[in-house]
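[1] no sequence on this one, just coordinates:
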């Protein structure tokens, strides 16, 4: 499925920049491409920048990376629930609380890379086996409709968004 096939009602407009930033791409192709290039990006971050914050009160690079991992885990779970026709509305999550409890200062780059690979392979495994009708299913998360396919594209766009922030503000 391509992100251009998503309907506006498949996701909250808040996520439009993430989806649009990907260009017109196939979901599985993008998930797999990022599986290769994002670990390379993490590895390229200088050691002295890994626990660096560009301003007081801003997240460190490690915290941003863990935020990407945590968000993919949450969105993967949402996609699984909705793909299985679970109509239970799912709550949001407080990204700032997640980051503050992440223990990012105790993570190494290699641990981050290893965890990313595990999480992304799990995301790919989930989406590879979903039939088209499951990708179109919609549930409620954070008080907004979200299709299964949109959740996959948002994982990709969210990662790209934060990678760009790291490049622009931290490196």
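    Arrived safely, thanks for sending. From a predicted model like this one, the values you see are computed outputs, not experimental measurements.

[2] immediately after the longest helix along the chain, which helix or strand?
    Using DSSP state H to assign secondary structure, the helix with the most residues in the chain is helix 61-83. The helix or strand immediately downstream of helix 61-83 is helix 95-100, counting by DSSP states H and E.

[3] helices or strands next to that next one in the packing?
    Packing partners of helix 95-100 (3 or more CB pairs under 8 Å, 6 or more residues apart in numbering; DSSP states H and E): helix 61-83. The way it works is simple: take the backbone N, C-alpha and C, and place the C-beta from them, glycine included.

[4] where in this protein is pLDDT low?
    Judged by pLDDT under 70, the chain has no weakly predicted residues.

[5] how about the helices in it?
    Listed in chain order, the helices of the chain (DSSP H) span 16-20, 27-44, 47-50, 61-83, 95-100, 109-128, 132-135, 148-165.

[6] among those, which is nearest residue 171?
    Shortest distance between residue 171 and these, using CB to CB, is found for helix 47-50: 6.0 Å.

[7] next, the buried residues of the closest one.
    Of the residues in helix 47-50, residue 50 count as buried by neighbour count, 16 or more other CB atoms under 10 Å.

[8] starting at the chain centroid, how far to that helix?
    22 Å (CA atoms, centre = their mean, to the nearest Å).

[9] how about stretch 63-75?
    Its chain's C-alpha centre and that of stretch 63-75 lie 6 Å apart, by CA atoms, centre = their mean.

[10] and for that stretch, what's in contact with it?
    Stretch 63-75 has contacts (CB atoms under 8 Å, 6 or more residues apart in numbering) with 42, 53, 59, 93, 95, 98-99, 102, 104, 107, 112, 115-116, 119-120, 123, 151-152, 154-155, 158-159, 162, 165-166, 170.

[11] show the buried residues in those residues.
    Looks like those have 42, 53, 59, 98-99, 102, 104, 107, 112, 116, 119-120, 123, 151-152, 154-155, 158-159, 162, 166, 170 buried, using 16+ other CB under 10 Å.

[12] can you pull the contacts of residue 148?
    Applying CB under 8 Å, 6+ apart, we find residue 148 in contact with 79, 82-83, 130, 134-139.

[13] how near is it to residue 128?
    Distance, residue 148 to residue 128, using CB to CB, to the nearest Å: 13 Å.

[14] residue 10 now?
    Distance from residue 10 to residue 128, by CB to CB: 20 Å.

[15] just give me how far stretch 80-96 sits from the chain centre.
    15 Å.
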